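Participant: 3D, please:
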Amino acid sequence: MPESHRVAVLGGGSFGTVIANIMANNGHGVALWMRNADCAEAINTTRQNSDYLPGYQLDDRLTATTDLPAAIAGTDILFVAVPSASFRVVARDIAPLVDESVILVSLTKGIEQGGFSLMSEVLHEELPRNPRAVVSGPNLAREIADGQLSACVVASTSDAINGTIHDLLHSESFLVYGSHDIYGVELGGALKNVYAILAGLGNAQGFGENTIGMLLTRALAEMSRFAVELGANPLTFLGLAGVGDLIVTCATPLSRNFRVGYGIGSGQSLDEIVKDMDQVAEGINTLRLLKAEADRRAVPMPLVNGLHGILFEHRPVSEVFSDVMFTEQAQDVEFVTG
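Facilitator: Predicted coordinates for the structure are as follows:
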């Protein structure tokens, strides 16, 4: 029988909640930390997080709290599911509260503004002695909550850590796979948000299936090209954190980033879209950072350049896609050996 753990999940949004509940259902004591006191009280009394996952029943072994030290006390594994904009602040807050043996796991698919730090790097900078891992994959929280068959990939440098996270999360409807490519898994989860915006825009504009297929495959080429420049394994992008997450996020209005693109393609302004959203669409910030980093490293990313032109330079969609068609590299599949 798997060992029982005391776990904390920081961040009470939809994904943090569903991950916390999976572990509670698996028999572990889970503290779910959030800033909203009303939401925490409602979870503890009604056993639902109605703000993000209405109708989803939460296990009695899950306890919500706004008290950060209390949430962390006695834990041996700590999941962080807050938006990238507040990730470092939370990491600094927990640094004096956790033992060096506590495993830190990032659930956040984003990049820190003001640089190009991934969340695992932020954890390493703020808590350098703690072991760390990342979780990514095609994980729409609503579908996981509804019991739809889903899967994720956990990446760390340790088979033992991967095994521990596997035992925490694996269930009949939620499968867990392993990887040692932390950077590749994390980049896949962060970068696909940009292309989900593009897919939503294309959907609103009435793009055909051939066009969407082209965009998705060229998106995968761009993602892996950029990731290799940063030291990731391009084969990682053939897995759950690459192809899997890209397909899901680019195909459904359940994706916040897809909805951003759909709104842009339907004539809404970016400010209007962001104002109406109840959770963060990481792809907007990631697009800015990715464009700057790709330019700095001279990595060809025509789709990123085009989407940046639409969202932040007010360029017409038709003009941008005309440019993309004439500037894309001629090589279809890169990294072919032999």
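Participant: who's in contact with the residue nearest in space to the middle of the chain?
Facilitator: Taking Cα atoms, centre = their mean, the centroid of the chain lies closest to Lys109, which sits 2.5 Å from it. By Cβ atoms under 8 Å, 6 or more residues apart in numbering, the contact list for Lys109 reads Ser136, Glu186, Gly189, Ala190, Lys192, Asn193, Glu282. (C-beta placed from N, C-alpha, C; glycine too.)
Participant: Longest helix in this protein, please.
Facilitator: Scanning the chain for the longest helix, with DSSP state H as the assignment, gives helix 182-204.
Participant: Quick one: list the elements packing against it.
Facilitator: helix 119-126, strand 132-136, strand 150-155, helix 209-229, helix 245-249, helix 256-265, helix 282-297, helix 302-312 (3 or more Cβ pairs under 8 Å, 6 or more residues apart in numbering; DSSP states H and E).
Participant: ok, Ile165 - how many residues close by?
Facilitator: 24 (other Cβ atoms under 10 Å).
Participant: domains of this structure?
Facilitator: Following automatic domain parsing, one gets these domains for the chain: 6-180, 189-327.
Participant: Dump these to JSON lines, plus distance to Glu334 and mean pLDDT.
Facilitator: Below are those laid out as JSON lines (distance: least, Cβ to Cβ, whole Å; pLDDT from 0 to 100):
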{"stretch": "domain 6-180", "distance to Glu334": "21", "mean pLDDT": "96"}
{"stretch": "domain 189-327", "distance to Glu334": "6", "mean pLDDT": "88"}
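Participant: got the contacts of Lys109 as a markdown table, with neighbour count columns?
Facilitator: As requested, those are exported to a markdown table (neighbours: other Cβ atoms under 10 Å):
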| residue | neighbour count |
| --- | --- |
| Ser136 | 30 |
| Glu186 | 27 |
| Gly189 | 32 |
| Ala190 | 26 |
| Lys192 | 32 |
| Asn193 | 28 |
| Glu282 | 22 |
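Participant: end-to-end on stretch 173-192?
Facilitator: End-to-end distance for stretch 173-192, by Cα to Cα, to the nearest Å: 24 Å.
Participant: do stretch 243-259 as well
Facilitator: End-to-end span of stretch 243-259 (Cα to Cα): 20 Å.
Participant: From the chain's centroid, how far away is that stretch?
Facilitator: 11 Å (Cα atoms, centre = their mean, to the nearest Å).
Participant: This completes my enquiry, with thanks.
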